[in-house]
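> mind looking at a prediction? Sequence and model below.
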Amino acid sequence: MQAKQMRELIAFQQNEITESAVYRKLAQIEKNPKNRELFEHIANDEQRHYEVFGQYSGKTLKPQKLRVIFFYFLARIFGLTFGVKLMEKGEAKAQEKYKALQEVTEIEQIIKDEIRHEQALIAMIEEEKLNYMGSVVLGLNDALVELSGALAGFTLALGSSSMIALIGSITGISAALSMATSEYLSTRTESDSRHALRASLYTGTAYFITVVLLILPYILFDRVFLSLSVMLATAICIIAVFNYYYSVVKDERFSSRFAEMTALSLGVATISFGIGFLLRMFTGIEI
């Protein structure tokens, strides 16, 4: 085996034992019996792959502690599906390189195992919060489109950061409560598997957090156009972070969803800014 191939094989071996440690750690703290059994199964597969690579490298390796801690906390904070799928994305990139290791007679079975992990086993993870993803999307989308537009309009119509923050907060909190109530009634009417109160809390919380983040620039800065710029930048960051999360969890393309949400939010903000300008010009009201 060439020196380059040996280095790659050792890197693969390191990756397998590290991921095995991640899955074992998740299995230890997982309360859902099905998920726990699933993680133990994948951990055993990864351990077996590590041992196969070890037969060729002749090395004994330990899990990378920082990487184990990183993916463990990622899964705990953002959910099992996100943490595991993000980790497996790196594994998917390695599968192409696996094919070059023809000297490893077991490599085809290892590739099949990795594909099974990504496509079949991970899809079986039971995670309650994913059932309410639609509620989070509803709250986030509405807050970004409605409030960013409203704040843009207030910026030119009112011209005072403190006034905009006050009126924006009242508008945003009222809208969050309204959206939560609407989601509660909608979920009860649909009679689906989701809990109506829980769905309304996801929608209202997503809306409220977005309101706080968008209002914050008007509290921190006195210059209204600086506040407007920071608010729009914050909106784009929220869209980017959420859509990255969504694209990983749902296996969808990040770019198209990000572009669509950004265009909607900035488009409404631009129109509202223009309306604020016209109202101020034609009414002659100065605040």
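Nice, I can see it. Here the structure is a predicted model, which is why all the values come from computation and not from measurement.
> report all helices and strands that the helix or strand harbouring residue 211 contacts.
Using DSSP states H and E, residue 211 sits within helix 196-220. The contact analysis (3 or more CB pairs under 8 Å, 6 or more residues apart in numbering; DSSP states H and E) places helix 196-220 against helix 133-142, helix 148-158, helix 161-190, helix 224-250. Where you see a C-beta, it was placed from the backbone N, CA and C, and this is true even at glycine.
> what about it, average pLDDT?
Mean per-residue pLDDT for helix 196-220: 89.
> report the angle between it and helix 161-190.
Between helix 196-220 and helix 161-190, the angle comes out at 170 degrees (axes from the mean of the first three to the mean of the last three CA atoms, to 10 degrees).
> identify each buried residue in helix 196-220, please.
Across helix 196-220, burial judged by 16 or more other CB atoms under 10 Å covers 196, 198-204, 206-208, 210-211, 213-215, 217-218.
> to residue 14, which of the helices and strands packed on helix 196-220 lies closest?
Of all the helices and strands packed on helix 196-220, helix 224-250 sits nearest to residue 14, with 23.2 Å by CB to CB.
> quick one: the closest one to helix 133-142, angle?
160 degrees.
> center of the chain, which residue is that?
residue 245 (1.8 Å; CA atoms, centre = their mean).
> is it true that that one touches residue 82?
Yes. If you go by CB atoms under 8 Å, residue 245 and residue 82 touch, sitting 6.1 Å apart.
> give me the average confidence score over stretch 89-103.
61.
> tell me the angle the helix holding residue 211 makes with helix 148-158.
Using the same axes, to 10 degrees, helix 196-220 lies at 30 degrees relative to helix 148-158.
> okay, now residue 74: neighbour count?
17 (other CB atoms under 10 Å).
> right, and it touches residue 83 too?
Yes. If you go by CB under 8 Å, residue 74 and residue 83 touch, sitting 4.2 Å apart.
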